[in-house]
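Q: only the shape, not the letters, is given here:
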């Protein structure tokens, strides 16, 4: 048995053990072809079939209709911060953004840098992003509305997605991709760097409503052009073949768990275990407001930075790793993505209770 | 023992077996940390050390001076086709390109699409790119000169790089990266999608002379901005961590072989074996002109398309796979990158002789 810790890292993050074991088993010889998947031409029948299957699997798992297409791109959310305004802007229209944290801020700054008209219609900056803004009106003529579904750093998450009518709703779901059921057909486009909830880093999943592909202008960098990649089913150039392969395995793993609903159930159990400890203690102080809490990233402070350091160090000794919070919030962050087993959170909760007893 | 064929695919391509075995061994537990490298935060000390080591290793192996920096980016050569004109263009100056094949053409079209002034100063289009153009004069005031070091599709390769004096020489080395010794300090920038000679797809190696970083304008997409990525030592956002890891292993494998010179020696042996068969036969007809032959991709035709199909089918039965030529040239292409063992080429040559005997 390999030595394995519980890895609460915010991303790249823990992956399902059966997925890693499959990668390991197939590393020298993929499905009897005498070569590794990563040595295989992206133009081979085998890899083409893998892309076609994964494209459909991503849509099917959440129930996207045939009006949508999955793309496998590169460059993470950072590339999408540019691709969204470059592809979806429309003459005379203004894009709208909601600023719920650091990543939303980066998306906004990128639209600004590229000279695309935009407006921030709501922000939680006034309270260090402890909540998701819900008090806003989407312009009737907006090019699109961009939201960040989950805020990894602050531990907040949209509880219900806004209704935007005819305005395309665009969501960065990098840190809560497929962690819970949602109505996919409300969205114009969702995107996610795979490295938190769907695979390794270096592959970005984009699901786009096909009619929006007509917006892509011809004079933007090819690598950021949705239409060109959609026409070639993500194979305009060589994709991250390893990334697509692992996303395929992770999607199948979700299916094996019983699908999105089954995974969501465990995710809610894990989050509840942690929030119960936070709420029943004066020692631990949750960062996110109750009405905006994330089931993916749970953030809290301790009475002093010294105790926080001690907490992280002792947790690490107990093989509970990656718990140091982001500097914007400080304290502790437990990232409990789909692949974090319930047992890992149970172990963390025990440790927290014990640590409080000894230091509270 | 795993079942392994000889894989002559143009890319993604065969990797050194010891590299694949290391990936396999470390898949569940990287260096005793209790997690896979692909589950590890890119902000961890371990991954940071890996990037620092790999950045230096790439420079050291070829002898780049400290005036250069290695970057690990995403998006393959397609992203670089845009990044080069976006970052290196200068007001009032024209970029110069040499068109030696399909990839060069794509690089040129991208500069055109992005509205950057450019001029094609030489082309081999007149003879279906059977040769590398050598008859050209670089403008004294060019923004840069862009060349494609090796033409995967046509099987041609620059034998000697041009001297461009003060004009930055930019080379797409995707298909012959580190296959032979060259003077690195002649270049302004080299780039290579890793998937042919340096690793898996999804990671692009860029080595840039640091003074050129000052050219990057502020208003281009962040994901394509050399300066921003250089300042953060490739960690502005989450890189393809698996890709960097495998590039690290491949660079160490080159070192273990005895370095670039040792690898080049075997590459020349492999190429010679193949060209000897082609030159001593009327049955096999090499595509590339003798003065422009590639030691990475060897291309040839047979007397009929029927025989070419038969050749590929019978070779595959003999576990010599990926030999079908690109549709622009037709016939056969043997990609014999660094990781293709001499034995693979010996087996191919035997097969070719036997096939000719039976069908010639």
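A: Looks like it came in fine. All of these numbers come straight from a predicted model, not from anything done at the bench.

Q: what's the closest non-adjacent residue to residue A:214?
A: In space, and not counting its chain neighbours, residue A:214 is closest to residue A:227: 7.5 Å by CB to CB, 6 or more residues apart in numbering or on different chains. For the C-beta atoms, the positions are set from N, CA and C on the backbone; glycine is no exception.

Q: chain A: helices as residue ranges?
A: A:17-26, A:45-62, A:76-88, A:102-113, A:226-231, A:241-257, A:260-279, A:305-317, A:342-359 (DSSP state H).

Q: angle of the third one against helix B:76-88?
A: Meaning helix A:76-88. On the basis of axes from the mean of the first three to the mean of the last three CA atoms, to 10 degrees, helix A:76-88 is oriented at 70 degrees to helix B:76-88.

Q: what about the residue nearest to residue A:214, how many residues nearby?
A: Residue A:227 is flanked by 18 other residues according to other CB atoms under 10 Å in any protein chain shown.

Q: next one: residue A:141
A: Residue A:141 has 12 neighbouring residues, counting by other CB under 10 Å.

Q: against residue A:208, how distant is it?
A: According to CB to CB, to the nearest Å, residue A:141 and residue A:208 sit 21 Å apart.

Q: before we move on, what about residue A:190?
A: Taking CB to CB, one finds residue A:190 at 8 Å from residue A:208.

Q: how about residue A:6, what does it touch?
A: Residue A:6 makes contact with A:14, A:319, A:320, A:321, A:340, A:341, A:343, A:344, A:347, A:348, according to CB atoms under 8 Å, 6 or more residues apart in numbering or on different chains.

Q: who's the third one bridged to?
A: Read that as residue A:320. Taking DSSP bridges as the rule, residue A:320 bridges to residue A:6.

Q: contacting residues for it?
A: Contacts of residue A:320 by CB under 8 Å, 6+ apart are A:5, A:6, A:8, A:344, A:347, A:348, A:351.

Q: isn't the fifth one up against residue A:318?
A: Yep, that's residue A:347 we're talking about. Yes: taking contacts as CB atoms under 8 Å, residue A:347 lies within contact range of residue A:318: 7.4 Å.

Q: got a PyMOL select line for the buried ones in the contacts of residue A:6?
A: A single PyMOL command selects the buried members of the contacts of residue A:6 (16 or more other CB atoms under 10 Å in any protein chain shown):
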select buried, chain A and resi 14+320+321+340+344+347+348
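
Q: which of the contacts of residue A:6 lies closest to chain B?
A: residue A:14 (5.2 Å; CB to the nearest CB).

Q: how close does residue A:52 get to residue A:74?
A: Using CB to CB, one obtains 19 Å as the distance from residue A:52 to residue A:74.

Q: more neighbours: the two, which one.
A: Using other CB under 10 Å, the more surrounded residue of residue A:52 and residue A:74 is residue A:74, with 28 against 12.

Q: quick check: closest non-adjacent residue to the more buried one.
A: Using CB to CB, 6+ apart, the closest residue to residue A:74 is residue B:74 (4.0 Å).

Q: is it correct that the one you found is in contact with residue B:205?
A: No: under the criterion of CB under 8 Å, residue B:74 makes no contact with residue B:205, lying 11.3 Å away.

Q: in JSON lines, list the contacts of residue A:6 along with pLDDT.
A: Putting the contacts of residue A:6 into JSON lines (pLDDT from 0 to 100) gives the following:
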{"residue": "A:14", "pLDDT": "98"}
{"residue": "A:319", "pLDDT": "98"}
{"residue": "A:320", "pLDDT": "98"}
{"residue": "A:321", "pLDDT": "98"}
{"residue": "A:340", "pLDDT": "98"}
{"residue": "A:341", "pLDDT": "98"}
{"residue": "A:343", "pLDDT": "98"}
{"residue": "A:344", "pLDDT": "98"}
{"residue": "A:347", "pLDDT": "98"}
{"residue": "A:348", "pLDDT": "98"}
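
Q: quick one, grab the pLDDT at residue A:328.
A: With respect to pLDDT, residue A:328 scores 87.

Q: cool, residue A:72 as well?
A: At residue A:72, pLDDT is 98.

Q: dump the residue contacts of it.
A: A:51, A:54-55, A:203-206, A:234, A:239-240, A:243-244, A:247 are the contacts of residue A:72 under CB under 8 Å, 6+ apart.

Q: re earlier: mind checking how far the residue nearest to residue A:214 is from chain B?
A: Residue A:227 is 13 Å from chain B, where distance means CB to the nearest CB, to the nearest Å.

Q: and residue A:56, by the same measure?
A: Residue A:56 is 22 Å from chain B, by CB to the nearest CB.

Q: what is the neighbour count of that residue?
A: Burial of residue A:56 is recorded as 15 neighbouring residues (other CB under 10 Å).

Q: which residues does it contact?
A: Contacts of residue A:56 (CB under 8 Å, 6+ apart): residue A:70.

Q: hmm, stretch A:151-167 touching chain B?
A: No: Stretch A:151-167 stays clear of chain B (CB under 8 Å from any CB of the partner chain), getting no nearer than 11.4 Å.

Q: can you check stretch A:241-254 too?
A: Yes: counting by CB under 8 Å from any CB, chain B is contacted by stretch A:241-254 at A:241, A:242, A:243, A:246.

Q: pLDDT for the residues you listed - can I get that in CSV?
A: Shown next, in CSV, are the residues of stretch A:241-254 next to chain B (pLDDT from 0 to 100):
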residue, pLDDT
A:241, 98
A:242, 98
A:243, 98
A:246, 98
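
Q: chain B contacts on the stretch 251-360 of chain A?
A: A:319, A:321, A:322.

Q: for residue A:336, which non-adjacent residue is spatially closest?
A: Leaving aside its chain neighbours, residue A:336 sits nearest to residue A:270 (4.8 Å; criterion: CB to CB, 6+ apart).

Q: report pLDDT for the one you found.
A: pLDDT, read off for residue A:270, is 98.

Q: could you check how many residues crowd around residue A:328?
A: Using other CB under 10 Å, the number of residues around residue A:328 comes to 13.

Q: er, residue A:188 I mean
A: Residue A:188 has 23 nearby residues by other CB under 10 Å.

Q: got the contact list for the closest residue to residue A:106 other than its chain neighbours?
A: Leaving aside its chain neighbours, residue A:106 sits nearest to residue A:81 (5.8 Å; criterion: CB to CB, 6+ apart). Contacts for residue A:81 (CB under 8 Å, 6+ apart) come out as A:106, A:107, A:109, A:110, A:111, B:222.

Q: sorry, back to before: tell me who's in contact with the residue nearest to residue A:74.
A: Residues near residue B:74 by CB under 8 Å, 6+ apart: A:74, A:75, A:76, A:79, A:202, A:240, B:202, B:203, B:204, B:223, B:239, B:240.

Q: same thing with residue A:239?
A: By CB under 8 Å, 6+ apart, the neighbours of residue A:239 are A:42, A:51, A:72, A:73, A:74, A:203, B:201, B:202.

Q: let's see that with 6 Å instead.
A: By CB atoms under 6 Å, 6 or more residues apart in numbering or on different chains, residue A:239 lies in contact with residue A:72.

Q: next, it: phi, psi?
A: Dihedral pair for residue A:239: phi -80, psi 180, per degrees, to the nearest 10.

Q: stretch A:82-95 near chain B anywhere?
A: Yes: Stretch A:82-95 reaches chain B (CB under 6 Å from any CB of the partner chain) through residue A:82.
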